[in-house]
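Visitor: what shape does this take:
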Amino acid sequence: MNNQKSSKMVADFLEKNNLHKKEFAQMIGVTLSYVYNLIDENVAFSTRSTTLERIAVVMDINPEEFIEYQIPQDTISYSENLIYLKDLIKHNNLATLDFLKMFERKKRLELVDILRGVKAIPIDFEELKKVAQVLKMDNADFFKMWKKRMLEYLREGGFNIEKNNKLLEKMFESVKQYAMQES
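Guide: Just a heads-up that it's a prediction; the model follows:
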């Protein structure tokens with residue numbers, strides 16, 4: 001637990017990383033005026049778990065470092081793919097902030113929620129491919145990640161993996177061929 005005021009922690013982070021308050025506000029899903037008021041201590045630091053978790057993800061810290069942090073409101077789920085994604089970010093020597101900056105602004109908040117475990121990794125092949133490209137994944141590793149995510153999605157939807165194994169084999173074989181030829 002950090003005894004430093006949360007507003008000062010955020011201000012120091014923004015200054016150290018030369019991150020504009022507007023860009024930070026977009027990444028965490030709040031208004032620019034809210035960020036200014038938060039840093040200037042014109043408003044109490046958020047106790048809303050969602051906001052604190054988003055701030056923590058961007059800052060690469062645990063939300064528990066904020067004295068205001070309480071029990072999460074959202075269900076947090078850590079899938080094998082999420083852990084793999086976080087490991088790839090570290091493997092590429094990227095801070096979460098640097099990773100987020102590699103995407104268009106409107107995509108960053110969604111990625112923050114994916115990284116904090118409240119939004120699933122996309123199953124959309126092309127969308128996930130963008131993440132793979134940023135993380136310099138080869139086609140084979142990308143396909144493995146997409147396949148695991150697709151199987152997870154199908155299971156959650158009530159699809160019987162065992163009974164439909166032959167169908168899945170054909171489908172994945174075709175997708176793998178497609179993925180391997182992509183550049």
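Visitor: give me the domain ranges for the chain.
Guide: According to the domain assignment given by automatic domain parsing, the chain is divided into the following structural domains: 6-65, 80-181.
Visitor: ranking these by burial, who's on top?
Guide: Looking across the domains of the chain with neighbours counted as mean count of other CB atoms under 10 Å, the highest average goes to domain 6-65: a mean of 17. For glycine as for every other residue, the C-beta is placed from the backbone atoms N, C-alpha and C.
Visitor: can you get me the start-to-end distance on that domain?
Guide: Using CA to CA, to the nearest Å, the end-to-end distance of domain 6-65 comes to 8 Å.
Visitor: what about that domain, distance to the chain center?
Guide: In terms of CA atoms, centre = their mean, to the nearest Å, the centre of domain 6-65 is found 16 Å from the chain centre.
Visitor: centroid residue for the chain?
Guide: The chain has Leu115 as the residue nearest its centroid, 2.5 Å off, counting by CA atoms, centre = their mean.
Visitor: excluding its backbone neighbours, what's nearest that one?
Guide: Val57 (5.0 Å; CB to CB, 6 or more residues apart in numbering).
Visitor: element containing Phe103?
Guide: Phe103 belongs to no helix or strand when elements are defined using DSSP states H and E.
Visitor: before we move on, what about Leu38?
Guide: Assigned by DSSP H and E, Leu38 belongs to helix 32-39.
Visitor: hang on, Met150 packs against Ile123?
Guide: Yes. Counting by CB atoms under 8 Å, Ile123 is a contact partner of Met150 at 5.7 Å.
Visitor: which strands and helices sit next to the helix holding Leu38?
Guide: Packing partners of helix 32-39 (3 or more CB pairs under 8 Å, 6 or more residues apart in numbering; DSSP states H and E): helix 6-16, helix 21-28.
Visitor: ok, now how distant is the residue nearest to Leu115 from His91?
Guide: With distances defined as CB to CB, to the nearest Å, the gap from Val57 to His91 amounts to 18 Å.
Visitor: OK, contacts around the nearest residue to Asp40 once chain neighbours are set aside?
Guide: The shortest distance from Asp40 to any residue other than its chain neighbours is 7.8 Å, reached at Ser7 (CB to CB, 6+ apart). The neighbours of Ser7, taking CB atoms under 8 Å, 6 or more residues apart in numbering as the test, are Leu38, Ile39, Asp40, Glu41, Phe45.
Visitor: how much space separates Ser7 from Tyr153?
Guide: The separation that Ser7 has from Tyr153, given CB to CB, amounts to 40 Å.
Visitor: hang on, the earlier thing: my guess is the residue nearest to Leu115 contacts Phe99, does it?
Guide: No. In this structure Val57 lies outside contact range of Phe99 using CB under 8 Å: 10.2 Å.
Visitor: got the angle between the helix holding Leu38 and helix 6-16?
Guide: With axes from the mean of the first three to the mean of the last three CA atoms, to 10 degrees defining the directions, helix 32-39 sits at 110 degrees from helix 6-16.
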